[in-house]
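Sequence unavailable; structure follows:
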C-alpha cells in the first residue's frame, strides 16, 4: 500500500517535469534569439535595423534595414488573408448551415487533406503551375512573384480559417440562430446580421492566428516569391520575405559567427516577436471564451 | 420586385457563392494532385526509389532521402510521443484548469503550436547542432522536429483524454485504485485510439517539414544512407526543394515524382489514423 502512494507521487512529479519542459522550450527560444540579436545590435544600431529602407547584408556596402523584408512578408500575408478570410467564412457557412450530410462527409476530409499537404509541395505548385497561369494572363509578371505566393499561402491557411470560423458559429447558442430563422430571416441574413457579429471576436482571433501562420510560412514563399528584398506594393514583382531570407542564408556558405549569419537571428527574433504577439492575442481570446463557457 | 423577392434572390445568390467557393477549394486540391501526377508519374520506378541523387535527372533517385526520412521520423517519434502524452495527462488529470498557472501553460502550448517552424530550426541549430555539438546529424533533426510536434501531440492527446467519461475513473477509484493506477490502467487504454490518431497525424506533419531541417544543415546532396543517429542526412522534402529550385524542366518532373512518393506516405498515414479513429475510438467529444 505504502509503495503505491510513493509511486503515485513519483508519477505525478515525472508528468510535471514534462509539462515544465514546454515552458523551457519557450524560455530557450527567447534566450537564444535574445542573446544572438543582442550581439548583432552591438554592431548594427537597432534603429537602422528597424527603420532602414535597404536590405543588402550580403553585398558591399552592407546595409541592414529590415523594412523591405517586412514589406515583402506583408504583401504576401495581405494577399493570402484577402483570399482566405471571405472564402473561409463562406465555406464555414456552407458546412454549418446547409450542406447535406453526404457532402459534409467528403468536404471535411478533403479540407483536412488540403491542410496536411507539406508547404514545399505548395511552393512547387505555385512555381510550376500558378505562376505560368498568371503569366499567360499578365505577361509582365516576373518568374518569381508575390502574387502566386500569396495565392498559395491563402489556399494553405484556408482550412484553418474555415474550421476556426465553423467553431465560432457552433459556439453560439442555438437559440440565437433559431430565433432569427423563426422570425423569417434568410440564411444570408442570419449569417450577416446574427452569426458574424455575435462570433466577431472568435473570427477576429481566427484572422490573427491565420496572419501569424502566413507570416511564418517559409517554403512556399521561398520557392515562389523569389529572393529580391525590395520595398514594393506590386505583387507581380519578385520580393523576399523574412523567412525566405533565413533560408537563403542557411543554404549558402556564409561563415558562422559572421555578421551575415547573425542577421538570421535578428530577423528570426523579429519574426518571433511578431508571431508570438499575434498567437498570444489569438489564443488568449479563443481560450478566454472557452473558460467563460465552462 | 417586392422586398421579399429581393431578399430571396440575395439569399439564393449567397448560397450559390458558398457552394461555388467550397467546391473551388476542392477543385484546387484536384488541380494540384493532377498537375503533380501528370508531371511526375512517368518518372516513378523502383530505380527512382532505389538510386542516389545525381547531376543527371534520368539517373537521380531518392534512396538517401527516403532512408533519411525514416531515420529522422523514427527518432522523432521516440522523443516526442512519451513527453507529449505525459504532458497531456498532467494537464488533464492532475491540474486544476482554473488556476492561472495552468492557463498560462495552456496558452504557452497553443503558442508553441503556432510558432513558425523556421524558428524551431534556429533553436535546433543553436541548441543541438552547435550547443551539444551534434552537427547536422539525424539526432539534431529528430530532436528539432520533436520540439516542433510536441505541442501538437499534447493538444491532440488532451482532446482524447477529455473524451474519456468520468464514470470510468470513478469506477476504478471505487475498486480502490490509486490515481496512477487509474491513469495507466483505465484512462490511458480508453484514450489510446484518440492519442494514436493524434500522434500519427503530427508525425505526418513532421515528415513534410522542410524549413527547420534546412536551417539545422540537412544536406541537399547526400549519396549515402545514414547508418546511425550521428550521421548526416537529407530528407524527402529537402530533396524535393532542391530539385524544385533548379531551372531545368526534368528536375521539376523528378521533383513531382518525389512529391508523389511523399504524398503517398502522408495519405497512407492519414488513412491509418482515420481507420483507428473509426474502428477503436469508443469515446469522443
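Arrived safely. Remember, predicted model here, so these are calculated numbers, not experimental data. Numbers count the residues shown, from 1 in each chain, chains lettered A, B, ... in the order given.

just the helices in chain B please.
B:3-40, B:46-49, B:63-89, B:100-114, B:117-124, B:138-162, B:166-174, B:179-182, B:188-208, B:211-216, B:236-244, B:249-280 (DSSP state H).

among the ones you listed, which is nearest residue A:177?
The closest of the helices of chain B to residue A:177 is helix B:3-40. By CB to CB, the value is 14.9 Å. Heads up, the C-betas are built off the backbone N, CA and C, glycines and all.

residues making contact with the helix or strand containing residue A:215?
In this structure, residue A:215 is located in helix A:200-216 according to DSSP states H and E. Helix A:200-216 is contacted by residues A:73, A:76-77, A:80-81, A:84-85, A:88-89, A:153, A:157, A:160-161, A:164-165, A:167-168, A:171, A:196, A:242-243, A:271, A:274-275, A:278-279, A:281-283, A:285-286, A:289, B:114-119 when judged by CB atoms under 8 Å, 6 or more residues apart in numbering or on different chains.

Filter these down to just the ones in strands.
Using DSSP state E, no member of these falls in strands.

Just the buried ones among those, please.
Among these, the ones that count as buried by 16 or more other CB atoms under 10 Å in any protein chain shown are A:73, A:76-77, A:80-81, A:84-85, A:88-89, A:153, A:157, A:160-161, A:164-165, A:167-168, A:196, A:242-243, A:271, A:274-275, A:278-279, A:282-283, A:285-286, A:289, B:114-119.

Do you know the pLDDT at the residue nearest to the spatial centre of chain A?
Note on chain A: the residue nearest the mean C-alpha position is residue A:213, at 1.1 Å, using CA atoms, centre = their mean. Confidence at residue A:213, expressed as pLDDT, is 93.

Buried residues of the helix or strand bottoming out on mean pLDDT in chain B, list them for me.
Lowest mean confidence among the helices and strands of chain B (mean pLDDT, DSSP states H and E): helix B:46-49, at a mean of 84. For helix B:46-49, the neighbour count (16+ other CB under 10 Å) marks residue B:48 as buried.

just how off-centre is it within its chain?
25 Å (CA atoms, centre = their mean, to the nearest Å).

what comes into contact with it?
Residues outside helix B:46-49 that contact it (CB under 8 Å, 6+ apart): B:60-63, B:66, B:254, B:257, B:261.

hmm, try it at 7 Å
Contacts of helix B:46-49 with the rest of the structure, by CB atoms under 7 Å, 6 or more residues apart in numbering or on different chains, involve B:61-63, B:66, B:257, B:261.

Whichever of those end up buried, select them in PyMOL.
Buried residues within the contacts of helix B:46-49, by 16+ other CB under 10 Å, are selected in PyMOL with:
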select buried, chain B and resi 61+62+63+66+257+261
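
Show me where chain B dips below the pLDDT cut-off.
Low-confidence segments of chain B, defined by pLDDT under 70: B:1, B:220, B:284-285.

tell me the domain boundaries of it?
What automatic domain parsing lists as the domains of chain B is B:3-43, B:48-280.

What is the longest helix seen in chain A packed up against?
For chain A, the longest helix by residue count, based on DSSP H, is helix A:2-43. Counting contacts by 3 or more CB pairs under 7 Å, 6 or more residues apart in numbering or on different chains; DSSP states H and E, helix A:2-43 is packed against helix A:259-293, helix B:63-89, helix B:100-114, helix B:117-124, helix B:138-162, helix B:179-182.

Pick the most buried one from those.
By mean neighbour count, with neighbours taken as mean count of other CB atoms under 10 Å in any protein chain shown, helix B:117-124 ranks first of the helices and strands packed on helix A:2-43 at a mean of 28.

Need the residues that contact it.
A:28-29, A:32-33, A:216, A:218, A:243, A:246, A:264-265, A:268, A:271-272, B:140, B:143-144, B:147-148, B:209, B:211-212, B:215-216.

how about the residues of the stretch 51-200 of chain A near chain B?
Contacts of the stretch 51-200 of chain A with chain B, taken as CB under 7 Å from any CB of the partner chain, map to A:87, A:90-91, A:93-94, A:98, A:107, A:110, A:113-114, A:116, A:118-121, A:123-125, A:127-129, A:155, A:158, A:186-188.

what about burial for these, which qualify?
A:87, A:90-91, A:93-94, A:107, A:110, A:113-114, A:116, A:118-121, A:123-125, A:127-129, A:155, A:158, A:186-188.

re earlier: which neighbouring elements make contact with the very next helix or strand once past the helix holding residue A:215?
Using DSSP H and E, the next helix or strand after helix A:200-216 towards the C-terminus is helix A:219-225. Identification of packing neighbours for helix A:219-225 by 3+ CB pairs under 7 Å, 6+ apart yields helix A:119-125, helix A:146-170, helix A:242-251.

make it 10 Å
helix A:67-93, helix A:119-125, helix A:146-170, helix A:242-251, helix B:117-124, helix B:211-216, helix B:236-244 (3 or more CB pairs under 10 Å, 6 or more residues apart in numbering or on different chains; DSSP states H and E).

show me the contacts for the residue in the stretch 1-150 of chain B positioned nearest to chain A.
Here the stretch 1-150 of chain B gets closest to chain A at one residue, residue B:116, 2.6 Å apart by CB to the nearest CB. Contacts were defined as CB atoms under 10 Å, 6 or more residues apart in numbering or on different chains; by that measure residue B:116 touches A:212-213, A:215-218, A:242-243, A:246, A:268, A:271-272, A:274-276, A:279, B:122, B:211-212.

And residue B:52, by the same measure?
Contact analysis of residue B:52 by CB under 10 Å, 6+ apart lists B:59-65, B:221-225.

Please name the nearest non-neighbouring residue to it.
Sequence neighbours aside, residue B:223 is the residue nearest to residue B:52 in space, at 4.4 Å (criterion: CB to CB, 6 or more residues apart in numbering or on different chains).

so the one you found touches residue B:63, yeah?
Yes. Between residue B:223 and residue B:63 there is a contact under CB atoms under 10 Å: 9.0 Å.
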